[in-house]
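Q: quick check, what structure comes out for this input:
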Amino acid sequence: MKRLLRLMDLGFPLPLGSVNNRRSLLFVGNLVDVIQVALEHPKVARGLYCLSDGNDLSTTDLLRRLSESSGRVSILFPFPKFGLQALGKISDFIGWLTGRSLATNSTAIEKLCGSLTINGTQFRTDCGWRPPFSVDQGLRETTNESRQCRA
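A: Predicted coordinates:
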């Protein structure tokens, strides 16, 4: 998240306008609420749960929402995934030559473009939990906190 916010701060157009992946998120305020519910709910004592805010986002959608919530301008343009992967391979090679890992290496590109989702419905079902913060509220708080840390 920090890296994405820093990229947005640069103001450069980003080739991430067509990343079609899915990412599950959990805002820290929702995690705190889950912990409070878990401490009081008898069914949770023996449960193992995956948690999320419930709205999986693509990297493109995440960047757009971060831009809106932070007042930053983000310019996203479509770029094929194979082009981003090629950039990662080139960065890997340059890193190998120089002995330094670059931020655009293939691992970073895969993290940015790959999907990582979980099914967080079981805790909701068992405990009747609903996230008190929406994804957009969580992103707004995250961007506000990020600004305060940099100030």
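Q: for Leu57, give me its contacts.
A: 22-23, 25, 65, 135 (CB atoms under 8 Å, 6 or more residues apart in numbering). To be clear about C-beta, it is placed using only N, CA and C from the backbone, and glycine gets the same treatment.
Q: check which helices and strands the longest helix along the chain is in contact with.
A: Of all the segments of type helix in the chain, defined by DSSP state H, the longest one is helix 81-98. Under the contact definition 3 or more CB pairs under 8 Å, 6 or more residues apart in numbering; DSSP states H and E, helix 81-98 sits against helix 106-113.
Q: hmm, who's touching the helix it packs on?
A: For helix 106-113, contacts defined as CB under 8 Å, 6+ apart pick out 16, 19, 21, 59, 81, 84-85, 87-89, 91-92.
Q: roughly how far out does the helix or strand where Glu68 lies sit from the chain middle?
A: Assigned by DSSP states H and E, Glu68 falls within helix 59-70. The chain centroid and the centroid of helix 59-70 are separated by 10 Å, computed with CA atoms, centre = their mean, to the nearest Å.
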